[in-house]
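Asks: Task: produce atomic coordinates for the following.
(chains A and B)
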Amino acid sequence: MANATTYPWTPGFYAGDRPRIVTSRFEYEDSYTLTRYLATEGYEGLKAALAKPAPDVHEEVKNATVLGRGGAGFPAGTKWGLTPPGVFPRYLVVNGDESEPGTYKDRLLMERDPHQLIEGCLIACYAAGLSQCFLYIRGEMPDAHERVATALNEAYAAGYVGKNILGSNFSVDIVLHWGAGAYVVGEETALIESLEGNRGMPRLKPPFFPAAIGLYGQPTIVNNVETLANLPWVLRNGAEEYLKIGTPTSPGTRMEAISGHVNRPGVFEVINGTTTFRDLIYGEEFSNGIRDGHELKAFVPGGGSAPWFLPDQLDLPLEGRLVGAAGSMVGSGAVMVMDDTTDIPKAAFTLARFYAHESCGKCTPCREGGTWLSRILERICDGRGTNRDLDQLIEVGETICPGAFPHASSERLGLEAVPFPYKMTTICFVGPSAYTPVHSALTLFRDEFEARIVKRTSIPVSAAPIEPVTAGAH
Amino acid sequence: MARLSEDNMRIATEIIGRYPRARSATIPLLHLAQQQDGYVTNDAIAHIGELVGATSAEVLGTATFYEMFKFEPVGKYLVNICQTMSCQLLGADELMHHAEHKLGIKAGSTTADGLFTLEHAECQAACTEAPTLQVNYRYRFRVTPERFDKLIDDLASGKLGDEIPTHGTLAKIRQRIPADRAVGAVDPDDVTEAPEWMPAPAAPKHDQPRSEQRAGG
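Replies: Just a heads-up that it's a prediction; the model follows:
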């Protein structure tokens, strides 16, 4: 297996001969300790930041175009700029509630390099004038909690976090917060609701960004773990160096998890914007092809919420606009691969069930629609599907997303791609996400659903036409 | 004894103090209560309500939203088998079927000896290591039926006691903010000014004397 080094303490991660920004310390077994961090340029980015006025640091990050890694791909520097001027205090909320199906990166970053995340938080707080930071970590990750808690305790003791950081007038507390198991909390306004001690239900929009009105009604920046983990490198090396990696619209690197029917499922840090799906799935240094000589049937390019791709789209690079125009999204860096043995209706059911289960219940189309999609798919998979079920799936889907829904093109089916975005009747993306796998599977593999449905012809009332009774026959 | 104990009250007070609003501590305190009793008791809900300034109904409302909180006793070991896409593609259904037979219970129930509770779980963020399960949220990767059997046997015989704590225990290491280093919670009721390190915004143009503007232009 060429060019792929494994580290036994990091299950799933493979290093290669590529530039690494966020995973650069993974080769050290003690990468999570302050000692190792300081020995490998740790907190140098923070020092570089503190040497400049805060607006210059903000400008640097803006120039680097660090794209948000949570799914939407919104540039971090631009997001920080959306806070209304003169309104204080402002907060930073770190989204470590990683639970998108297929996504496996933030947990690694928190477990393997917690100081890098802490340094990223500090740089963000300094640059955007954020007075307190809440680090929200998914509840089901106690190992990540322990690593981040230990790192925070070390960083406080060493003077990197808290009052007058490194002797400057920059002071900020980072508070570690526990989640308790709810996918929808990954939505930024739901995250804020949860942090305020409520049920994690997304807030009504507008305002579209919590940067205007967020935690306790104050301007709040919500950033993903991987996004923040990029900042120390950007500050150490400068925006110009960052832009040299990848493409101008998708610079730097990103973490991608390739799972499913491949020879080597794994997490890789790859060049943004230029690496293609073919590289990821077939590349020797990546997942090294489909298992046991099988053929690729379809793949999910960016987490469970992303419309599916066929082998036709393999040569697309990890570039938001190109993937969007082709009918899907790069999302949270999760590729799930299905080979020719895959039961497509079952796969669609599994994903639809996930979103139905995780619906918070606030918007009716998602709460009811998601559940119905899941139930109808379940009975189709069990061989109890009826003739009307396939149309019914589309009908239910259209109550969540009226109008054209994005999907990939297919030469075999003579389909043109429908690009993002879609219309939606719900506040957040959980509802449309339940429809995504159903719509993709039905558009690209309708024959497999039809084969599952036992065709029932109408039961005739009588075998032969009834002879009309003629008057006067008696 | 289902309200928070004296030791836990000390931790609770510390946690509440970190947030500008006590309500924000609700979820961390629910975890604390669950760690104490193995599940969240009605008394603990009332106690947390008193601590964060909410009614019991409000605390219960929050608690029931989240999957991890249990309101009746569960097994000493909560076994969550991931059933989402990547795991399902690589045999999660078969693993669940095997687990039900091994433990002699259906998913969602607890063994008669109170040792194991089996649950369906959704994505556990270890998709490349499918099929995956968690025991009290501690991971086991690439679980085969044989490895599952060995895991259950080891848990039953107490061999994994150090590695996998009983249900409710989450992180064994907590964050501690030393008093001399703490900034303290930043409450919007007390603070409305820009933080010290933010330079004052440039004066708006119309504040400049007209003569200067003319001279500059």
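
Asks: Contact partners for A:Trp308?
Replies: Applying Cβ atoms under 8 Å, 6 or more residues apart in numbering or on different chains, we find A:Trp308 in contact with A:Ala298, A:Phe299, A:Val300, A:Pro301, A:Ser328, A:His407, A:Ala408, A:Pro437, A:Ser440, A:Ala441, A:Leu444. Every residue, glycine included, has its C-beta placed from N, CA and C.

Asks: rerun at 10 Å
Replies: For A:Trp308, the residues meeting the contact criterion (Cβ atoms under 10 Å, 6 or more residues apart in numbering or on different chains) are A:297-301, A:327-328, A:336, A:338, A:344, A:347-348, A:351, A:407-408, A:436-437, A:439-441, A:443-445.

Asks: Repeat that for A:Leu228.
Replies: For A:Leu228, the residues meeting the contact criterion (Cβ under 10 Å, 6+ apart) are A:22, A:66, A:69, A:76, A:92, A:94-96, A:109, A:116-124, A:133, A:135.

Asks: Please report the number of neighbouring residues for A:Gly102.
Replies: Taking other Cβ atoms under 10 Å in any protein chain shown as the criterion, the count of residues near A:Gly102 is 31.

Asks: I'd guessed it sits against A:Met338; true?
Replies: No - at 11.6 Å, A:Gly102 does not count as touching A:Met338 under the criterion of Cβ atoms under 10 Å.

Asks: What helix or strand is the most centrally placed residue in chain B located in?
Replies: Centre of chain B computed as the mean C-alpha position; nearest residue by Cα atoms, centre = their mean is B:His31, 6.5 Å away. Mapping B:His31 onto the secondary structure by DSSP states H and E places it in helix B:26-37.

Asks: Between A:Gly102 and A:Met338, which contacts overlap?
Replies: Shared contacts of A:Gly102 and A:Met338, defined by Cβ under 10 Å, 6+ apart, comprise A:Gly260, A:Val300, B:Met85.

Asks: Quick check: closest non-adjacent residue to the first one.
Replies: Computed as Cβ to Cβ, 6 or more residues apart in numbering or on different chains, the closest residue to A:Gly260 that is not its neighbour in sequence is A:Val337, at 3.9 Å.

Asks: pretty sure the one you found is in a helix, no?
Replies: No - with the criterion set as DSSP: H, G, I helix; E, B strand; the rest coil, the secondary structure at A:Val337 is strand rather than a helix.

Asks: What residues are bridge-paired with it?
Replies: Partner residues in beta bridges with A:Val337: A:Gly260, A:Phe299, with DSSP bridges as the criterion.

Asks: got the contact list for it?
Replies: In this structure, A:Val337 makes contact with A:102, A:258-262, A:265, A:277, A:280-281, A:287, A:289-291, A:296-300, B:86, B:89, judged by Cβ under 10 Å, 6+ apart.

Asks: Am I right that the residue nearest to the centre of chain B is in contact with A:Glu140?
Replies: No - taking Cβ under 10 Å as the contact criterion, B:His31 and A:Glu140 are not neighbours in contact, 11.7 Å apart.

Asks: Common neighbours of those two, please.
Replies: Taking Cβ under 10 Å, 6+ apart as the contact criterion, the residues that touch both B:His31 and A:Glu140 are A:Gly179, A:Ala180, B:Met68, B:Leu170.

Asks: State the phi and psi torsions of the first one.
Replies: A:Gly179 has phi and psi values of phi -90, psi -180 when expressed as degrees, to the nearest 10.

Asks: Next: the third one.
Replies: Recorded main-chain torsions at B:Met68 are phi -80, psi -20, according to degrees, to the nearest 10.

Asks: Tell me which residues touch it, please.
Replies: Taking Cβ under 10 Å, 6+ apart, we find B:Met68 in contact with A:138-140, A:178-182, B:27, B:30-31, B:34, B:40, B:78, B:80, B:137, B:168, B:170.

Asks: same thing but 6 Å
Replies: Residues counted as contacts of B:Met68 (Cβ atoms under 6 Å, 6 or more residues apart in numbering or on different chains) are A:Gly139, A:Ala180, A:Gly181.

Asks: out of those, which touch chain B?
Replies: The subset of those within reach of chain B, counting by Cβ under 6 Å from any Cβ of the partner chain, consists of A:Gly139, A:Ala180, A:Gly181.

Asks: isn't the second one right next to B:Glu67, touching?
Replies: No - A:Ala180 sits out of contact with B:Glu67 when judged by Cβ atoms under 6 Å, with a separation of 7.1 Å.

Asks: what about the residue nearest to A:Val454 when sequence neighbours are not counted, neighbour count?
Replies: For A:Val454, the nearest residue in space outside its immediate sequence neighbours is A:Gly383; the separation is 6.7 Å by Cβ to Cβ, 6+ apart. Applying the criterion other Cβ under 10 Å, we find 9 residues in the vicinity of A:Gly383.

Asks: tell me the SS of A:Gly383?
Replies: Assigned state for A:Gly383: coil (three-state reduction, three-state DSSP).

Asks: Check the one 10 residues further on too.
Replies: Using three-state DSSP, the structure places A:Leu393 in helix.

Asks: Can you give me the distance of it to A:Phe277?
Replies: The span separating A:Leu393 from A:Phe277 equals 27 Å under the rule Cβ to Cβ, to the nearest Å.

Asks: Equivalent analysis for B:Glu146, please.
Replies: B:Glu146 sits at a distance of 35 Å from A:Phe277 (criterion: Cβ to Cβ).

Asks: Next: A:Leu415.
Replies: A:Leu415 sits 18 Å away from A:Phe277, taking Cβ to Cβ as the criterion.

Asks: Same check on A:Ala326?
Replies: 10 Å.

Asks: ranges for the strands of the chain?
Replies: Reading this off chain A. Using DSSP state E, the strands of chain A run over A:5-6, A:14-15, A:91-96, A:132-137, A:173-178, A:220-224, A:253-260, A:266-271, A:296-300, A:334-339.

Asks: oops, chain B please
Replies: B:77-82, B:116-121, B:133-135, B:138-140.

Asks: thinking again about what came up before, looking just at contacts, which helices and strands does the helix holding B:His31 meet?
Replies: strand A:173-178, helix B:6-17, helix B:42-52 (3 or more Cβ pairs under 6 Å, 6 or more residues apart in numbering or on different chains; DSSP states H and E).
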